[in-house]
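> need coordinates for the following:
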Amino acid sequence: MRDFNKSRSGFDRVLLAVAATFLTVSTGAVIAQPSASPRDSVSELAIDAAVPRPEPANVPPPTASDIKIETNTDTTASVPDASKATEKTVGATSADVPKVAETPKATDETKPANTATAPAAPEPAAVPAATAVAPAAPAAEPPKDVARDIAKPASTVAAADQPVADKLREMLAGKLPRQFDRKGERAAVEKFYAGRDYAPLWTQGGIATTAAKGVIARLKDAGSEGLDATDYPVPDFTAAATPDAQAEAELKLTASMLDYARQAQSGRMHWSQIDAEIMYPEHPTDPAEVLANVSTAKDASAALASYNPQHDGYKKLKAKLAELRGETEMPAQPIAEGPALKFTKATKKNPNPTVAEDDRVPLLRARLHVANASDTKYDAEVAEAVRKFQSNSSMKATGVLDDATVRAINAPKRDRQIDTILVNLERWRWLPRQLGASSIGNAYVMLNIPDYTLKVMQNGGQVWTTRVVVGKVGKQATPLLTETMKYLTVNPTWNVPPSIIYNEYLPALQQDPTVLDRMGLKLSRKADGSIHVSQPPGDDNALGRIRFNFPNKFLVYQHDTPNKNFFARDERALSHGCMRVQYPDQYASVLLNITMPNERYTPEKVRGMYGKSEIDVKFPTPIPVNITYQTAFVDDAGKLQMRKDIYGRDAQMQAVLKNVKGKDLEQVVARTQPSYARPRADIPQGVAFNGQAQRSEPNFFERLFGGGMTQPQPAAGPRPRRTEVR
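I've put the predicted structure just below:
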């Protein structure tokens, strides 16, 4: 049976709490009134009548369910809060409510009276406590439009620039001008202008800023960097009279600035458009970084110019371009066409050949800077000068003065040289901005194919140089690339590339089954049926005594050679693509002293490692290798040097730059990767295999570059050992 008396006593406590709350709130409302004497003057009554009073909310009296009773809690603890709420709502007038968007000052009139101890009796018409906490407060909230204005931060744009900013906001919110046709640039431009509240960057009050003038001057002078100024149109801010025109001019200059920075850093064309045998690391610009850099720089023009290469070779070539363009046009007397002139060397049968004479020879001597300018004889010296001119002009070097050679000599020299310099400046943009390894004095290797030279650079200067042999013209051309040399191999085994095996050696076996044996090559068949040909270490090894390894997708490297006589030739495009070094022992000692200076390597110490076992010497710090194609460069004496375009790269690039306009120049051309798969081939009868390759042997790429891999074991004789030097 339920105990109704206990329930009754609990209900009584609830009623007592409600009554206490009602009494306290009513008392607080009375206390909130001023303690002064009643206002009975006419003026005071008039003021009170004019002040609007809030209407009491039509809320039913509280019930027991409206009051939350907590166990072991004093129910009067919340009474002061209810009293304060009543003071703020019931006792408030319009004078007590602060105005929107104004901060009331703390004065004696606005401070609440200290009425905590003031006794007063409750008024009969006091509003119940429940009414005080009812939703009467929202009536004091400002209108929605006023609240929105309060939340919106004040604009930082100058009043004179606000119309242009509004137009920029409108243009960027819609479809951007066609100049921004790259997704990354569109996003960067939108974020950049939004971050500055769409204030224009290039103008203030419709007048071009110093930054704008500097950037415009840089764009107009793009030709000095080997670029084309017409690719970067600039606006005329003085002609932009309306906010629409000013906003369009603003974005036009921004677009041209981004185009300039991108092409100055990476080039007007992508290297993949020229040949599949080119592979350089990408280094594109970040449009957001360009915008931030140029907009905050003290010198906007210099900041934009910094995206051009800063290499010493580039700067020297750029200076020569300015020098050639600044030359005064000098009218030159053309050499007349006529019968071909040829010099014939003396022979046993004809020890005194007749030397051709021609009235054109003195002018020819003057034009080609040959001594005895008045001599009319077409002798050996003149013929050699003609041959060199033909070689540097990508003509067949015969030494014969024919009509084609005469026309080439009569052509404006400046234009031809300028075109060559322009494509070489473009190739500088393809190279990495950091050519060397910073931890070892910015050391790197630079090999220039048309000059047939290799240079080791460190601390901004040349450390060592040598002659090289490069790949033949055509499919065996040496590729252009940047990689890192990680180690060198002394006494290397030559693992013949598949192209040589299937294009040269197997057809040779059909004609002579003993040819490989006579060359000292070992023939084996892999488990998959493909053919492997190798040559053990030795003096007659095709790689010589040292191989310099910088693994790359083209499978080329630098190495010694037993054919030293090739280095005496002027034109040395004779290899299958790899680069043969004239003095490999000196080259090795230079590289090892850069990476391991405490080891004190000398050429004699390197030669002391020659033997029958492969030795890998690893570099603690890899050295970057840059293979370039510079047909125009400035030598250490400051003289412009021109080289023959042996691979036709200059002609290809000039055709692209002259015949194709627009941003398609920068498109990457997708090309298939080189295939290293070797088909199964039939070996002619009578050809013996020297060994059977195992399934666990390293792949071709690993065998080609070595690097601590096990070499295939020959059928007879001791197996070459491999030593690894770290």
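
> is it correct that residue 594 falls within a helix?
Yes. With DSSP: H, G, I helix; E, B strand; the rest coil as the criterion, residue 594 is located in a helix.

> from what I can see it touches residue 440, true?
Yes. Counting by CB atoms under 8 Å, residue 440 is a contact partner of residue 594 at 5.6 Å. Where you see a C-beta, it was placed from the backbone N, CA and C, and this is true even at glycine.

> quick one: which of these two has more around it?
residue 594 (22 against 19; other CB atoms under 10 Å).

> mind listing what the nearest residue to the more buried one once chain neighbours are set aside touches?
Ranked by CB to CB, 6 or more residues apart in numbering and with sequence neighbours excluded, the top spatial neighbour of residue 594 is residue 443, at 5.0 Å. With contacts taken as CB atoms under 8 Å, 6 or more residues apart in numbering, residue 443 has the following neighbours: 436, 437, 456, 457, 458, 459, 463, 594, 623.

> count the residues that sit near the residue nearest to residue 379 when sequence neighbours are not counted.
Closest residue to residue 379 in three dimensions, ignoring its sequence neighbours and counting by CB to CB, 6+ apart: residue 355, at 5.7 Å. For residue 355, the tally of surrounding residues (other CB under 10 Å) stands at 15.

> ok, now which ones touch residue 355?
When the contact criterion is CB under 8 Å, 6+ apart, the partners of residue 355 are 343, 377, 378, 379.

> can you pick out the most distant pair from those?
With CB to CB as the measure, no two of the contacts of residue 355 lie farther apart than 343 and 377, at 9.2 Å.

> tell me where the stretch 101-250 of the chain has helices.
According to DSSP state H, counting those that start in this stretch, the stretch 101-250 of the chain carries its helices in the segments 129-132, 144-151, 162-173, 183-195, 210-220, 243-266.

> surely residue 364 and residue 335 touch.
Yes. Under the criterion of CB under 8 Å, residue 364 lies in contact with residue 335, with a separation of 5.9 Å.

> just say helix, strand or coil for residue 561.
Using three-state DSSP, the three-state assignment for residue 561 comes out as coil.

> give me the spatial nearest neighbour of it, chain neighbours excluded.
Sequence neighbours aside, residue 580 is the residue nearest to residue 561 in space, at 4.1 Å (criterion: CB to CB, 6+ apart).

> can you list contacts of the host helix or strand of that neighbour?
Secondary structure here is read from DSSP states H and E; on that basis residue 580 sits in strand 579-581. Contacts made with strand 579-581 from outside it, assessed by CB under 8 Å, 6+ apart, are listed as 447, 454, 466, 468-471, 478, 544, 548, 556-561, 563, 566, 587, 627.

> among those, which ones are buried?
Among these, those classed as buried by 16 or more other CB atoms under 10 Å are 447, 454, 466, 468-471, 478, 544, 548, 556-561, 587, 627.

> okay, now the domains of the chain?
Using automatic domain parsing, the domain ranges for the chain come out as 4-145, 159-308, 416-725.

> mean confidence score for the longest one?
In this model, domain 416-725 has an average pLDDT of 84.

> same deal with the second one?
pLDDT averaged over domain 159-308 equals 93, rounded to a whole number.

> tell me which stretches of the stretch 551-700 of the chain form strands.
Counting by DSSP state E, counting those that start in this stretch, one finds strands in the stretch 551-700 of the chain at the ranges 558-559, 573-575, 579-581, 614-628, 632-634, 640-642, 691-692.

> now render those as JSON lines, adding distance to residue 649.
As requested, the strands of the stretch 551-700 of the chain are arranged in JSON lines below (distance: least, CB to CB, whole Å):
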{"stretch": "strand 558-559", "distance to residue 649": "21"}
{"stretch": "strand 573-575", "distance to residue 649": "13"}
{"stretch": "strand 579-581", "distance to residue 649": "17"}
{"stretch": "strand 614-628", "distance to residue 649": "11"}
{"stretch": "strand 632-634", "distance to residue 649": "12"}
{"stretch": "strand 640-642", "distance to residue 649": "14"}
{"stretch": "strand 691-692", "distance to residue 649": "42"}
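
> nearest to residue 222, of these?
Distance to residue 222, taken as CB to CB, is lowest for strand 632-634 among the strands of the stretch 551-700 of the chain, at 19.4 Å.

> packing partners of the closest one?
In this structure, strand 632-634 makes packing contacts with helix 312-326, helix 413-430, strand 640-642, judged by 3 or more CB pairs under 8 Å, 6 or more residues apart in numbering; DSSP states H and E.

> what angle sits between the longest one and strand 614-628?
So the one you mean is helix 413-430. 130 degrees (axes from the mean of the first three to the mean of the last three CA atoms, to 10 degrees).

> list the buried residues for helix 413-430?
417-430.

> quick one: pLDDT of residue 392?
Predicted confidence (pLDDT) for residue 392: 75.

> measure it to residue 462 for me?
According to CB to CB, to the nearest Å, residue 392 and residue 462 sit 23 Å apart.

> tell me which helix or strand residue 408 sits in.
Secondary structure assignment for residue 408, by DSSP H and E: helix 403-410.

> if any of the contacts of residue 355 are buried, put those into a PyMOL selection.
Command for PyMOL that selects the buried part of the contacts of residue 355, burial taken from 16+ other CB under 10 Å:
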select buried, resi 343+377+378+379
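
> could you export the contacts of residue 355 as CSV, including secondary structure and pLDDT?
As requested, those are arranged in CSV below (DSSP: H, G, I helix; E, B strand; the rest coil; pLDDT from 0 to 100):
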residue, secondary structure, pLDDT
343, coil, 92
377, strand, 93
378, coil, 94
379, coil, 93
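
> re earlier: dump the helices and strands packed on strand 632-634 into a markdown table; add distance to residue 280 as well.
Compiled in a markdown table, those are given as follows (distance: least, CB to CB, whole Å):
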| stretch | distance to residue 280 |
| --- | --- |
| helix 312-326 | 15 |
| helix 413-430 | 5 |
| strand 640-642 | 23 |
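
> what about those, which gets the closest to residue 252?
Each of the helices and strands packed on strand 632-634 was scored for nearness to residue 252 using CB to CB, and the closest is helix 413-430 (24.4 Å).

> beta partners for the residue lying closest to residue 319 once chain neighbours are set aside?
On the basis of CB to CB, 6+ apart, the spatially nearest residue to residue 319 that is not a chain neighbour turns out to be residue 634, at 7.7 Å. Listed by DSSP bridges, the beta-bridge partners for residue 634 are residue 640.

> tell me how far residue 634 lies from residue 324.
From residue 634 over to residue 324 (counting by CB to CB), the distance is 12 Å.

> more neighbours, these two?
Between residue 634 and residue 324, counted using other CB under 10 Å, residue 634 has the larger neighbour count: 20 against 15.

> thought that one was touching residue 642?
No. Using CB under 8 Å, residue 634 makes no contact with residue 642, being 10.8 Å away.

> count the residues that sit near residue 345.
Applying the criterion other CB under 10 Å, we find 8 residues in the vicinity of residue 345.

> same check, this time on residue 404
Neighbour count for residue 404, taken as other CB under 10 Å: 15.

> residue 258: which of the strands of the stretch 551-700 of the chain is closest?
Across the strands of the stretch 551-700 of the chain, closest to residue 258 is strand 614-628 (CB to CB), at 27.8 Å.

> about what we covered before: shared neighbours of residue 364 and residue 335, anything?
Once CB under 8 Å, 6+ apart is applied, the residues that residue 364 and residue 335 both contact turn out to be residue 409.
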